[in-house]
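Undergrad: what's the 3D shape of this:
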Amino acid sequence: MRIDGNTLRLPGGVAVRFVRTLRLPETGTHPLPPGLGEFPVRRVADYAGTVPEEWRARGGVMLPVYLREAMWLSFSGTTEPAALQVGVGKVCAVSGRPWSDRLARDPQNYVVLPRQPWLDGINSGKGTVRQFVAVPLGLGATVEGQVTGEEVWGGVQLQSFPLKEPLLTEWRRRERERAEERRRAPAGAAGGYGAPMAM
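TA: Okay, here's the model as predicted:
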């Protein structure tokens, strides 16, 4: 993992940006709030003298989120196919269930990149999501506490699974062919995409 500006780059070309947005009321349904810029991303190790011991032990990155703010995750800039797991306090944001280190299809516990451009929040069932927000551990207000009954982990967990060879080689070949077709197509002609490849 590396930081490129405010973009977190994971194995396989996965790019994640943390986008600041308005925190919405937790009751009712609301239209998508606007993006208000990116949160700055910093390595925990660079602040070893000032962060809590638990943070130093786990490592990773940190970003400053006020309690009145929310965020969504942008995956623009991801270059090649990958499956990305997103967890919040070791609760899967995609399925709303406890975290598993393995990919699962039923219920699906990952997003497919680059097809999925962003993730607004945590699956709360019935086609709704709850925003990614900051709340103190130990008050019973976290998704982790509500799903697992404990508040131990906190934070956001990300794990990427790049497309494996030889499927990645085939995907790259198809992408080169599509690029060549678009280059040769007359101006204004619509280009199509082939069937998606399974991960």
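Undergrad: can you give me how far the worst-scoring helix or strand of the chain on mean pLDDT is from the chain middle?
TA: None of the helices or strands of the chain scores lower by mean pLDDT, DSSP states H and E than helix 143-148, at a mean of 78. From the chain centre to the centre of helix 143-148 is a distance of 19 Å (Cα atoms, centre = their mean, to the nearest Å).
Undergrad: now the element after that helix, going C-ward?
TA: strand 156-162 (DSSP states H and E).
Undergrad: tell me what that next one is packed against?
TA: strand 7-10, strand 14-22, strand 82-88 (3 or more Cβ pairs under 8 Å, 6 or more residues apart in numbering; DSSP states H and E). Every C-beta, even on glycine, is put in place using the N, C-alpha and C of the backbone.
Undergrad: please redo it, this time with the cut-off set to 7 Å
TA: strand 82-88 (3 or more Cβ pairs under 7 Å, 6 or more residues apart in numbering; DSSP states H and E).
Undergrad: scan this protein for its longest helix.
TA: helix 167-184 (DSSP state H).
Undergrad: got the buried residues for that one?
TA: In terms of neighbour count (16 or more other Cβ atoms under 10 Å), helix 167-184 has its buried residues at Leu168.
Undergrad: and that helix, C-alpha only, in PDB?
TA: Below are the C-alpha coordinates for helix 167-184, written out as PDB (Å, rounded to 0.1, in the frame of the first residue of the first chain):
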ATOM      1  CA  LEU A 167      -7.300 -13.900 -16.800                       C
ATOM      2  CA  LEU A 168      -5.400 -10.600 -16.300                       C
ATOM      3  CA  THR A 169      -3.300 -11.200 -19.400                       C
ATOM      4  CA  GLU A 170      -6.500 -11.900 -21.400                       C
ATOM      5  CA  TRP A 171      -8.200  -8.800 -20.000                       C
ATOM      6  CA  ARG A 172      -5.200  -6.600 -21.000                       C
ATOM      7  CA  ARG A 173      -5.300  -8.100 -24.500                       C
ATOM      8  CA  ARG A 174      -9.000  -7.300 -24.800                       C
ATOM      9  CA  GLU A 175      -8.500  -3.800 -23.500                       C
ATOM     10  CA  ARG A 176      -5.700  -3.200 -26.100                       C
ATOM     11  CA  GLU A 177      -8.100  -4.500 -28.900                       C
ATOM     12  CA  ARG A 178     -10.900  -2.200 -27.700                       C
ATOM     13  CA  ALA A 179      -8.500   0.800 -27.600                       C
ATOM     14  CA  GLU A 180      -7.400   0.000 -31.100                       C
ATOM     15  CA  GLU A 181     -11.000  -0.300 -32.300                       C
ATOM     16  CA  ARG A 182     -11.900   3.100 -30.700                       C
ATOM     17  CA  ARG A 183      -8.800   4.700 -32.300                       C
ATOM     18  CA  ARG A 184      -9.900   3.400 -35.800                       C
END
